[in-house]
Every structure is written in structure tokens, then in C-alpha cells.
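**Student:** sequence isn't available, so here's the structure alone:
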């Protein structure tokens with residue numbers, strides 16, 4: 001699934017407009033967070049921040065379910081990811 005997500009995101013990034021990363025805030029270097037990256041990608045029209053967070057949350061649930069040996073919950077979470085990124 002991670003390969004599908006990476007392929008999807010790389011294709012969307014290549015097709016969309018670029019954006020400049022802001023590396024400092026108040027004179028300090030700031031590492032991007034998943035939420036800030038989602039917001040930045042949403043601003044350039046690649047994907048909505050809500051969709052990116054949905055994918056992130058579903059992948060976290062899938063990993064946790066896999067680690068717990070819960071195949072049904074893992075598959076359900078992966079199906080949510082697939083629905084978010086499309087065919």
C-alpha cells in the first residue's frame with residue numbers, strides 16, 4: 001500500500017504547481033509536520049489537507065491493526081486509504 005501511496009503522491013506532485021518551502025519561523029529553522037505538509041499541499045491544489053490527514057490516520061490504524069494481528073481491521077483501514085487515493 002505504501003508503494004501505491006508513494007506512486008500516487010509522486011504523480012500528483014509532478015503534475016501540480018510547485019510551492020516554496022518556508023524553512024524559518026521567527027528566525028528559527030522549523031521541521032515540517034504532517035499537518036503543515038498537508039496544509040501546504042492543499043494550498044497548491046495537489047490534495048486537500050483533510051484527505052492527506054485521512055490517509056495518514058488510516059495508515060496509522062492499518063499499521064496498529066497489523067501489529068496486533070487484526071487482519072480485518074487492517075484491511076478495512078487499507079480500503080479507506082485506497083478510497084482516498086482512488087483506483
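**Tutor:** Sure, I can see it. Bear in mind the structure is a predicted one, so any value in this text is a computation, not a measurement.

**Student:** hey, let's count contacts and neighbours off CA atoms from now on
**Tutor:** OK.

**Student:** and the strands in this protein, which stretches?
**Tutor:** Assigned by DSSP state E, the chain shows strands spanning 24-25, 28-29.

**Student:** give me the helices and strands touching the helix ranked longest in the chain, please.
**Tutor:** Of all the segments assigned as helix in the chain under DSSP state H, the longest by residue count is helix 49-67. Of the remaining helices and strands, those touching helix 49-67 by 3 or more CA pairs under 8 Å, 6 or more residues apart in numbering; DSSP states H and E are helix 34-43, helix 71-85.

**Student:** hey, least reliable of the strands of the chain by pLDDT?
**Tutor:** With a mean of 53, strand 24-25 has the lowest mean pLDDT of the strands of the chain.

**Student:** quick check on residue 70: phi, psi?
**Tutor:** As for residue 70, its main-chain torsions (degrees, to the nearest 10) stand at phi -100, psi 90.

**Student:** lowest average confidence, helix or strand, in this protein?
**Tutor:** Least confident helix or strand of the chain, by mean pLDDT, DSSP states H and E, is strand 24-25 with a mean of 53.
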